[in-house]
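>>> here is a sequence with its predicted model. Questions after.
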2 protein chains.
Amino acid sequence: MFEFFAKYLVEKGGFTESELELVRQVTVSKKIRKSHYLLEEGKVSDFIGFVTKGAFRLFRKGEDGQEYTMKFAVENWWISDFTSFLSGEQSNCYIEALENSELMWFSRETWDHLIATIPNFRRMIDKLTARNFEAHQNRIFSNISEPADTRYENFVNSYPTLYNRIPLYMIASFLGITRETLSRIRKQAAQRKTTN
Amino acid sequence: MFEFFAKYLVEKGGFTESELELVRQVTVSKKIRKSHYLLEEGKVSDFIGFVTKGAFRLFRKGEDGQEYTMKFAVENWWISDFTSFLSGEQSNCYIEALENSELMWFSRETWDHLIATIPNFRRMIDKLTARNFEAHQNRIFSNISEPADTRYENFVNSYPTLYNRIPLYMIASFLGITRETLSRIRKQAAQRKTTN
DNA sequence: AACGGAATGTGACAATTGTCAATAGATTTA
DNA sequence: TAAATCTATTGACAATTGTCACATTCCGTT
């Protein structure tokens, strides 16, 4: 599956053949089965993964014991608890495989090495970080300014390869509503469609 | 007011005297009066500011025309629309001075120069970026997992130097509720306190 | 000090969302 | 394949939040 990752590096980072080779040499591929965890609360997220197959979610447990989905990741997405990765402290998140999945796996040491030795790599990650910042801003804005039905609509439009692949109750918690409410929102949306 | 900034650089970044001098040479101080704007929608946020006096808020206008506060900044905080700064594209935000304020003002060129020439500066900003990421995560988690009264309580506890200095309707929009709801939450909280 | 506008508080009611319970459908596992 | 588990939907009702209207307080300007 390295070729899948290589394609990404060429397209997003403009990597050359020799740069790709440098990355290949340190890339570890890892398979993980559905419902298994890549990370659990209390452990340090000392890796970064690039998803080549499957799907993941990152969630936290609330005071109420409920699971709140912070993020999804499918093919071509990066996955880690970056907060824990960057601070080196224990994570308060879980990362769960939602399907049988496969990823390119980078330890903290490997990651730092790539950043330090391949300028293109750092550039790519800096761009990614900026995009991430923007996405966070947009999500916060959505949360404070839009009603639930609009948030769901936006979610579907923003993640067309994602929304019909993931259990609805996870989407509900991602949006900050209950599964029942999401059910009703979807029903209303469907009715509006047939009426038009 | 550079001394105020210098203190920050020493405490947070461990800057040496000679490094401070390098920063001082390129630092521009800027005053701005209450209710004036540091940034308006449609312009590019091509600066980063460090607040040495006063207070700011960064907000976006929603579809409904309402203003939604994305962030506050008081003394010792950085202020900019980082999304626009990082992408170089037009901002969809406003930055408003909430009091007569003063800041250390860095153009994009100056900023890049500081990052490139002072390793300590980049290190400090990298740390800051990591903290920022964590803060975003926590806010999103708060938005999707906590009821409004808890969010307000957390806000007060998290920003003790801020919450009683800023109009309530701005706090309400920051939390994603209406001013009326915030009013009632505060009333209930006060009643609980006198009852105990 | 007085005025006017902005900000906050409050009541009545509407709309939205949550909770609980029951059911049906889908998927996994033995 | 069948049983068990997980997921999604729905109804009835409760709780929360929003909307609108108006009163009150606060604050800056003259």
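Yep, it's here.
>>> endpoints of stretch A:64-79, how far apart?
26 Å (C-alpha to C-alpha, to the nearest Å).
>>> do it and DNA strand D meet?
No: applying C-beta under 7 Å from any atom of the strand, one finds stretch A:64-79 separated from DNA strand D by no less than 9.9 Å. For every residue, glycine as well, the C-beta is placed using N, CA and C.
>>> show me what contacts A:Ala55?
When contacts are counted by C-beta atoms under 8 Å, 6 or more residues apart in numbering or on different chains, A:Ala55 touches A:72-74, A:97-99, A:101, A:162, A:165-166.
>>> longest helix of chain A, counting residues only.
helix A:119-145 (DSSP state H).
>>> before we move on, the earlier item: B:Glu17: which of the contacts of A:Ala55 is nearest?
Closest approach to B:Glu17 among the contacts of A:Ala55 (C-beta to C-beta): A:Ala73, at 45.8 Å.
>>> run through who's touching stretch A:20-40.
Residues from elsewhere that reach stretch A:20-40 (C-beta under 8 Å, 6+ apart): A:1-2, A:5-6, A:9-10, A:15, A:45, A:49, A:52, A:54, A:56, A:58, A:79-81, A:91, A:93-107, A:110, A:113-114, A:117-118, A:121.
>>> which strand or helix spans the most centrally placed residue in chain A?
Centroid-nearest residue in chain A: A:Ala73, 3.1 Å away (criterion: C-alpha atoms, centre = their mean). Here A:Ala73, judged by DSSP states H and E, is contained in strand A:67-74.
>>> and that strand with chain B, contact?
Yes: using C-beta under 8 Å from any C-beta of the partner chain, we find that strand A:67-74 touches chain B at A:68, A:70.
>>> could you tell me the angle between that strand and helix A:119-145?
140 degrees (axes from the mean of the first three to the mean of the last three C-alpha atoms, to 10 degrees).
>>> which strands and helices sit next to strand A:67-74?
strand A:55-61, helix A:168-175, helix B:119-145 (3 or more C-beta pairs under 8 Å, 6 or more residues apart in numbering or on different chains; DSSP states H and E).
>>> next SSE after that strand?
According to DSSP H and E, the helix or strand after strand A:67-74 is strand A:78-79.
>>> number of residues surrounding the nearest residue to A:Gly176 once chain neighbours are set aside?
The shortest distance from A:Gly176 to any non-neighbouring residue, by C-beta to C-beta, 6 or more residues apart in numbering or on different chains, is to B:Ile144 (3.5 Å). By other C-beta atoms under 10 Å in any protein chain shown, the residues close to B:Ile144 number 20.
>>> list the contacts of B:Ile144.
Counted by C-beta under 8 Å, 6+ apart, B:Ile144 has contacts A:68, A:143, A:173-176.
>>> in contact with the residue nearest to A:Ser87 when sequence neighbours are not counted, which residues?
Nearest residue to A:Ser87 in three dimensions, chain neighbours excluded: B:Ala130, at 6.4 Å (C-beta to C-beta, 6+ apart). Neighbour list for B:Ala130: A:83, A:86-87 [criterion: C-beta under 8 Å, 6+ apart].
>>> A:Asn76 too?
A:8, A:50-51 are the contacts of A:Asn76 under C-beta under 8 Å, 6+ apart.
>>> the same query, at a cut-off of 7 Å, please.
Neighbour list for A:Asn76: A:8, A:51 [criterion: C-beta atoms under 7 Å, 6 or more residues apart in numbering or on different chains].
>>> pLDDT score for it?
If you check A:Asn76, the pLDDT there is 97.
>>> shaky segments in chain A?
A:194-196 (pLDDT under 70).
>>> picking up where we left off before, and the next helix or strand after the longest helix of chain A with DNA strand D, contact?
Later in the chain than helix A:119-145, the nearest helix or strand by DSSP H and E is helix A:148-158. No: using C-beta under 7 Å from any atom of the strand, helix A:148-158 never reaches DNA strand D; the gap is at least 10.7 Å.
>>> can you list the buried residues in helix A:148-158?
A:148-149, A:151-152, A:155 (16 or more other C-beta atoms under 10 Å in any protein chain shown).
>>> what's the local residue count around A:Gly42?
So A:Gly42, with other C-beta under 10 Å, has 9 neighbours.
>>> and if you look at A:Phe59?
Count around A:Phe59 with other C-beta under 10 Å applied: 21.
>>> now do the contacts for it.
Contacts of A:Phe59 by C-beta under 7 Å, 6+ apart are A:67-70, A:93-94.
>>> ok, those vs B:Ser183, which is closest?
Distances from B:Ser183 to the contacts of A:Phe59, taken by C-beta to C-beta, are shortest for A:Tyr68, at 27.7 Å.
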